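K.L.:
the sequence isn't on hand, but the structure is:
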């Protein structure tokens, strides 16, 4: 791999400059830059600076408000609904997560449904905000419809990710961040670039027939829910994606299902929305609302060690816990820098020219 | 199918008699009978009266306390930890769910972690207790280790189900109840009786190689997490099963992972437990802690209708929403009676003889 490598701080500074140029306040630009960089650090390259020009295009199309008044529109001691005022999800979601954490501090748990938002980056970032508070963090979001329910030809759900971050003592924390599909769209993009077929069970044609064509979505095809087909439990992946959609949007007043506005600026939102923007659902649970945090962490370390030292199958080096690869990648990239795909780098240079800001060097 | 058919009330009365014979109070026996019958009504036959003699054997082995003092041992406004005192999960879980519902009534949501319990029947039953209160219900439990994490040969997790029940207006509610494995153990038992192989992707041998032998678990093999293999996202099913284990047991002080005691009486619990009994996690969220319940139900009906009327693939009659089949089965069986597998009926007759109670007739 001979991709150019950059220091994390340099990439983050570029992202912050771009967000400021879009009209974000310095504080908001810093927040948004943090979320994007976290994706690149953790190796979720599809959700990092590679998305920056996508956000800019949405803003240029008038579909992102860069000076939002983010407000709590309804609340109880353990819940709130946040209106993101059409702002970047990268800014709205941390706001909502901080509200959830504050509520958990007062009454044990906090749950915040968000409407009128946009794409929030990687779910893990928001869930992990709970960790330093000795809380379990939960983050989910709905997204543009690309996924067909089991037995349907229609694209009615997004890849609707779920993240759960659980603190530990001396062991690295448990951080699950998963799309509720068999494979996320980013994995198809990688195959497209390599000119390779997709494995069976990831996608279907617009008639609902199995396909291995990584370009199938452009032909009206759909991603498949986790499980791939009914015999292998795709109704479960579909059910989980549906729960994410309902908690994020039906509970908050955002658009749901096929009404969710597309992330790409070249596709128009539907003309008959059922809510405002896209929706998220964020939660925080204080560990010591259940048992003393030290006691929990002692057992959590024991849990993590047992799974990390489990007997691997022949040919596998070790058994992983959710988040292990990402934590190791982040530690390495923080030290050694972040390799950037030359296609993405060109795109960022182009963006710098268009916005008249200094290019990454 | 020429299985004998019985009225639901008759089967429930038998279950209640057996639970009373085990020493349960009339109130507890009624609660437990309700949960078992609900499984038979909803078509989850593996979790209904078919399990009754399993509970009796555990009780005979001294591993179920039929006069438990179920107590809240710790609480905050939105959380509690319940100690089931070694009682039937069928009784402990509804107690904990009522506590969650009461907390949600006061502060928006309620979350209850349970330790020192036993198998709680179908998760959907407990989650659905929230529906008449215009609340979303959540229920999960850990279970005897039968599932291997991705890339491991070891059985470290149970089938660890997740249920989410969401109220609606005029439409039937949304009720997801799913094992976090590709296929539940009950489906293997059906194949064993039919003498058929399992589909690829459900199980592995004790060395971690693919298998289609429905008896593989008896040879030390394991069930596979939802997703079947890494290429199809089994690390996601493993991650979800792990979250269920941690919320149910590490948070409550129950046994977790490979330390979870077996449901079958002929297998002994481990000699070095890390907690008390098995664990559950139950939650309730009041709809109007987020938005007015009528507004939510209006949109939920719209969501449900859109998915229920989605275009099916060729050869499929319609697109289903989680819980549709179960609700239709329950309505039919309530009217027409419940067909009972003759093997199960024999087992129940045997049980009646052993306990000197009147057999089902």
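P.N.:
Arrived safely, thanks for sending. All values derive from a computational prediction rather than experimental measurement.
K.L.:
going forward, measure contacts and count neighbours with C-alpha atoms only.
P.N.:
OK.
K.L.:
residue A:260 - how many residues pack around it?
P.N.:
Using other Cα atoms under 10 Å in any protein chain shown, residue A:260 has 27 other residues around it.
K.L.:
so it makes contact with residue A:144?
P.N.:
Yes. Contact criterion Cα atoms under 8 Å: residue A:260 and residue A:144 qualify, at 5.4 Å.
K.L.:
how near is the one residue sitting closest to the centre of chain A to residue A:335?
P.N.:
Nearest to the geometric centre of chain A sits residue A:122, at 2.8 Å (Cα atoms, centre = their mean). Distance, residue A:122 to residue A:335, using Cα to Cα, to the nearest Å: 21 Å.
K.L.:
do residue A:243 as well
P.N.:
39 Å.
K.L.:
looking at the two, which is more packed in?
P.N.:
Between residue A:243 and residue A:335, residue A:243 has the larger neighbour count (other Cα under 10 Å), namely 23 against 11.
K.L.:
may I ask which helix or strand encompasses residue A:9?
P.N.:
Following DSSP states H and E, one finds residue A:9 within helix A:8-21.
K.L.:
and for that helix, what's in contact with it?
P.N.:
A:26, A:29-30, A:32-34, A:36-37, A:41, A:49, A:52, A:333-334, A:337-338, A:352, A:355, A:357-360 (Cα atoms under 8 Å, 6 or more residues apart in numbering or on different chains).
K.L.:
and the residues you listed, which of them are in helices?
P.N.:
A:26, A:29-30, A:32-34, A:36-37, A:41, A:52, A:333-334, A:352, A:355 (DSSP state H).
K.L.:
contact partners for the residue of chain A positioned farthest from its centre?
P.N.:
What lies farthest from the middle of chain A is residue A:314; by Cα atoms, centre = their mean that is 32.8 Å. Counting by Cα under 8 Å, 6+ apart, residue A:314 touches B:207, B:208.
K.L.:
what does residue A:113 give?
P.N.:
Here residue A:113 is in contact with A:80-82, A:96, A:247-249, A:251-252, A:279-282, B:290 (Cα under 8 Å, 6+ apart).
K.L.:
how about the secondary structure of it?
P.N.:
strand (DSSP: H, G, I helix; E, B strand; the rest coil).
K.L.:
any idea what it is bridged to?
P.N.:
Bridge pairing for residue A:113 (DSSP bridges) gives the partners residue A:81, residue A:281.
K.L.:
quick one, helices of chain A?
P.N.:
So, for chain A - with DSSP H - the helices run A:8-21, A:26-42, A:52-60, A:89-107, A:123-128, A:185-194, A:234-245, A:293-308, A:324-336, A:342-355.
K.L.:
can you put those helices in CSV and add mean pLDDT?
P.N.:
Compiled in CSV, the helices of chain A are given as follows (pLDDT from 0 to 100):
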stretch, mean pLDDT
helix A:8-21, 98
helix A:26-42, 98
helix A:52-60, 96
helix A:89-107, 98
helix A:123-128, 98
helix A:185-194, 85
helix A:234-245, 98
helix A:293-308, 98
helix A:324-336, 98
helix A:342-355, 96
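K.L.:
out of the contacts of residue A:113, which are buried?
P.N.:
A:80-82, A:96, A:247-249, A:251-252, A:279-282, B:290 (16 or more other Cα atoms under 10 Å in any protein chain shown).
K.L.:
out of the residues you listed, which comes closest to residue A:102?
P.N.:
Checking the buried ones among the contacts of residue A:113 against residue A:102 with Cα to Cα, the nearest one is residue A:96 at 9.9 Å.
K.L.:
how far away is residue A:161 from residue B:296?
P.N.:
Counting by Cα to Cα, the separation of residue A:161 from residue B:296 is 22 Å.
K.L.:
check residue A:125 too.
P.N.:
Distance from residue A:125 to residue B:296, by Cα to Cα: 29 Å.
K.L.:
same check, this time on residue A:219
P.N.:
Taking Cα to Cα, one finds residue A:219 at 35 Å from residue B:296.
K.L.:
looking at the two, which one has more neighbours?
P.N.:
residue B:296 (24 against 10).
K.L.:
quick check, that one in contact with residue B:302.
P.N.:
No. Counting by Cα under 8 Å, residue B:296 does not reach residue B:302; the two are 9.8 Å apart.
K.L.:
OK, contacts around residue A:180?
P.N.:
Counting by Cα under 8 Å, 6+ apart, residue A:180 has contacts A:159, A:160, A:161, A:162, A:225, A:226, A:237, A:238, A:240, A:241.
K.L.:
ok, residue A:182 next?
P.N.:
Residue A:182 touches A:201, A:202, A:223, A:224, A:225, A:226, A:227, A:228, B:227, B:232, B:233, counting by Cα under 8 Å, 6+ apart.
K.L.:
ok, so of those residues, who is nearest residue A:319?
P.N.:
In terms of Cα to Cα, no member of the contacts of residue A:182 lies closer to residue A:319 than residue B:233, at 14.9 Å.
K.L.:
need the pLDDT of the closest one.
P.N.:
pLDDT for residue B:233: 97.
K.L.:
shouldn't residue A:158 be in contact with residue A:142?
P.N.:
Yes. Taking contacts as Cα under 8 Å, residue A:158 lies within contact range of residue A:142: 6.0 Å.
K.L.:
who's more crowded, these two?
P.N.:
residue A:142 (32 against 29).
K.L.:
that one: what's its closest spatial neighbour, skipping adjacent residues?
P.N.:
Once flanking residues are discounted, residue A:142 sits nearest to residue A:160: 4.7 Å by Cα to Cα, 6 or more residues apart in numbering or on different chains.
K.L.:
same check, this time on residue A:344
P.N.:
Nearest to residue A:344 is residue A:50, by Cα to Cα, 6+ apart, at 5.7 Å.
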